[in-house]
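Asks: Build me a model:
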Amino acid sequence: MHRLHFLSIRHKLILPIWLILSFSISLKIYAQDQPPAYAVTNVTIHQAGLEPILSGTVIWRDGVITDVGEDLTIPFDAFTIDAGDSLHLYPGFIDGLNVLGSPDDKWEELPGSTPGSPTYERAGVAPQRSPSSMLTRSKDGEEALKRGFTSVNLVPKGRMLPGSTELALIHYEIQKSTLIKETGTLFRFQGSGGGWTSRAYPSTDMAVIAKFRQLLYEATALDEHLQFLESRNGSSLPVVDKDPVLMALIPILKGEKSLFFELANSEDLDRFFALQDEFGFRAVIITGVDITDWSGEIKRRNIQVLSTLRVPDKPKWLVEEEKKEGEEDSVETEPQVEAQPEWKIEEERLFNARQKQAWTQEVKSLSALLNSGVTVGYAGIGTSAKEFRNYIKLLLEDGQLTSEDLLKMMTTSNAEIFGLNERLGSIRPGAIASFTIFSDEFTAKDTDAIMTVTNGQIHNWE
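Replies: Numbers count the residues shown, from 1 in each chain. Okay, the predicted model is just below:
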């Protein structure tokens, strides 16, 4: 078990409190009146694109990093945490899109409405919903912090237009997370809910596109009307109905916020491009499918991508084959007589060869997308902690990706996508004090988070 050593020569009154809390059996997360400054020493500091700093030090004050490097002078008023030269510090990971803390999506049809002309709620249209105002009590915040994620682009659970997206600093009590900025709106080809006997318009991909186009045209008309009213200040014109759904889409049309598009099938990209050509919005694609065939067009349009790292499981026969190849057979055995006819053996061999080729292309698609020059970050929506570790393992072993590639996606690339390069994704003076100390490198099989700092606040998981 790794232990963090809490030292403070000049804070003799503070030290006993921290010792009592750190040795408490039941308390996993602790907080107190914060000292003026903090310092973590003797830790290996990792950052995307930079050589690791061995026996490094990070100093922060009022939630902001003030210094980072080797052989630093610790401020006289700092509370010091000694990592003991065996731990690894990483910038806080950024989750590009997730539904952390969101309540389950529910709808109730109003009397008098019909399936062909449903309410916004029934149709899955709610871009005006703010995720930060809907957060519920859950373990989502604590679980994210333990995995190294200190900020997340939040969105409510829902269907074609579930709500706005907001980047927030994660609090272990997720409902207390700190909003950083509004980022955009999520759109997906997902029709209204219910079974075949209860579904309403739109319930197909084409119907979703038609509904979304109509909403954007109505939002355009409302915006033009509002601008006209503003130019005719003082004239006796009727007050226009500011539909909250349409008002929420106007910033997308003006390019003030991004439209986040969750892509489930690569074939839908052409349809989405047609929408972008028609309305000119800024876009970010969230996907776990192979879109390398569109990489040139994505780059030309200056679209950024958030990958869920989703990789199909390796075929079981291939796992067994590789396992056998790696084992040294020191005992000679009699060759086994094939029980199957030759034509069936050849058919199985051809099938396996095609399956291996398809899987290999899929697992290497993310590497190919990165090599094409497209900016790729990370989004954890729809991915469990167990799946996340499995995807990383497959991408490192078979996907031609490195731990540096993954670190960049979850830190500096996401910070760039959200326009927060100076505040998130790196350990530098002026950046928000958000980072995690792991027992080993973050891609190691049995690594654990020992401590997470988010917005300057310490969470001890030991």
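
Asks: Output the lowest mean pLDDT helix or strand found in this structure.
Replies: Scoring the helices and strands of the chain by mean pLDDT, DSSP states H and E places helix 15-22 at the bottom, with a mean of 38.

Asks: and Glu397, which of the three is it?
Replies: Following DSSP: H, G, I helix; E, B strand; the rest coil, the label given to Glu397 is helix.

Asks: State the number of residues packed around it.
Replies: By other Cβ atoms under 10 Å, 12 other residues sit near Glu397. Backbone N, C-alpha and C define where each C-beta goes, glycine included.

Asks: before we move on, what about the one 3 residues further on?
Replies: Around Gln400 there are 16 other residues, counting by other Cβ under 10 Å.

Asks: Likewise for Ile209?
Replies: Using other Cβ under 10 Å, Ile209 is surrounded by 18 other residues.

Asks: I figured it was touching Arg271, is that so?
Replies: Yes. Using Cβ atoms under 8 Å, Ile209 is in contact with Arg271, at 6.0 Å.

Asks: can you list residues touching both of the two?
Replies: Common contacts of Ile209 and Arg271 (Cβ atoms under 8 Å, 6 or more residues apart in numbering): Phe189.

Asks: so which helix or strand takes in Leu97?
Replies: strand 93-98 (DSSP states H and E).

Asks: what's the following helix or strand after that strand?
Replies: Remark: after strand 93-98, the chain's next helix or strand is helix 120-123, criterion DSSP H and E.

Asks: contacting residues around that following helix?
Replies: 107-110, 113, 126, 160, 192, 200-202, 211, 245.

Asks: could you redo the last one with a cut-off of 6 Å?
Replies: Helix 120-123 is contacted by residues Trp107, Glu109, Ser192, Ala200, Val245 when judged by Cβ atoms under 6 Å, 6 or more residues apart in numbering.

Asks: now swap in stretch 86-103 and tell me
Replies: Contacts of stretch 86-103 (Cβ under 6 Å, 6+ apart): 43-46, 135-136, 138, 140, 148-153, 156-157, 174, 286, 306, 377-381, 410-411, 414, 424-427, 434-438, 441-442.

Asks: Can you flag the buried ones in the residues you listed?
Replies: The neighbour count (16 or more other Cβ atoms under 10 Å) marks 43-46, 135, 140, 148-153, 156, 174, 286, 306, 377-381, 410-411, 414, 424-427, 434-438, 442 as buried among the contacts of stretch 86-103.

Asks: Strands - which of these land there?
Replies: Using DSSP state E, the subset of the buried ones among the contacts of stretch 86-103 located in strands is 43-46, 149-153, 286, 306, 377-378, 435-438.

Asks: quick one, helices of the stretch 101-250 of the chain?
Replies: Here the stretch 101-250 of the chain has its helices, by DSSP state H, counting those that start in this stretch, at 120-123, 140-146, 205-231, 244-253.

Asks: Mean pLDDT and distance to Asp446 added to the ones you listed, as CSV?
Replies: As requested, the helices of the stretch 101-250 of the chain are exported to CSV (pLDDT from 0 to 100; distance: least, Cβ to Cβ, whole Å):
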stretch, mean pLDDT, distance to Asp446
helix 120-123, 90, 46
helix 140-146, 95, 14
helix 205-231, 92, 43
helix 244-253, 97, 44
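
Asks: so where's the stretch 151-300 of the chain uncertain?
Replies: Across the stretch 151-300 of the chain, the ranges flagged by pLDDT under 70 are 195-197, 233-237.

Asks: Export the helices of the stretch 101-250 of the chain to JSON lines and append columns for distance to Asp293.
Replies: As requested, these are exported to JSON lines (distance: least, Cβ to Cβ, whole Å):
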{"stretch": "helix 120-123", "distance to Asp293": "32"}
{"stretch": "helix 140-146", "distance to Asp293": "33"}
{"stretch": "helix 205-231", "distance to Asp293": "19"}
{"stretch": "helix 244-253", "distance to Asp293": "27"}
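
Asks: so which of those helices gets nearest Pro52?
Replies: Closest of the helices of the stretch 101-250 of the chain to Pro52 is helix 140-146, at 22.5 Å (criterion: Cβ to Cβ).

Asks: how about that closest one: buried residues?
Replies: By 16+ other Cβ under 10 Å, the buried positions in helix 140-146 come out as Asp140, Gly141, Glu142, Glu143, Ala144, Leu145, Lys146.

Asks: List the buried residues for stretch 70-78?
Replies: Ile74, Pro75, Ala78.

Asks: Provide the contact partners of that stretch at residue level.
Replies: Against stretch 70-78 from outside (Cβ under 6 Å, 6+ apart): Arg10, Pro36, Ala37, Ala39, Gly56, Thr57, Thr80.

Asks: do that again at 8 Å, thanks
Replies: Applying Cβ under 8 Å, 6+ apart, the external contacts of stretch 70-78 come out as 8, 10-11, 35-39, 41, 53-57, 59, 61, 80.

Asks: Check stretch 189-206 too.
Replies: 105, 107, 109, 114-118, 122-124, 159-160, 207-211, 264-265, 268, 271.

Asks: switch to 7 Å and redo it
Replies: For stretch 189-206, the external contacting residues (Cβ atoms under 7 Å, 6 or more residues apart in numbering) are 107, 115-116, 118, 122-124, 159-160, 207-208, 210-211, 264, 268.
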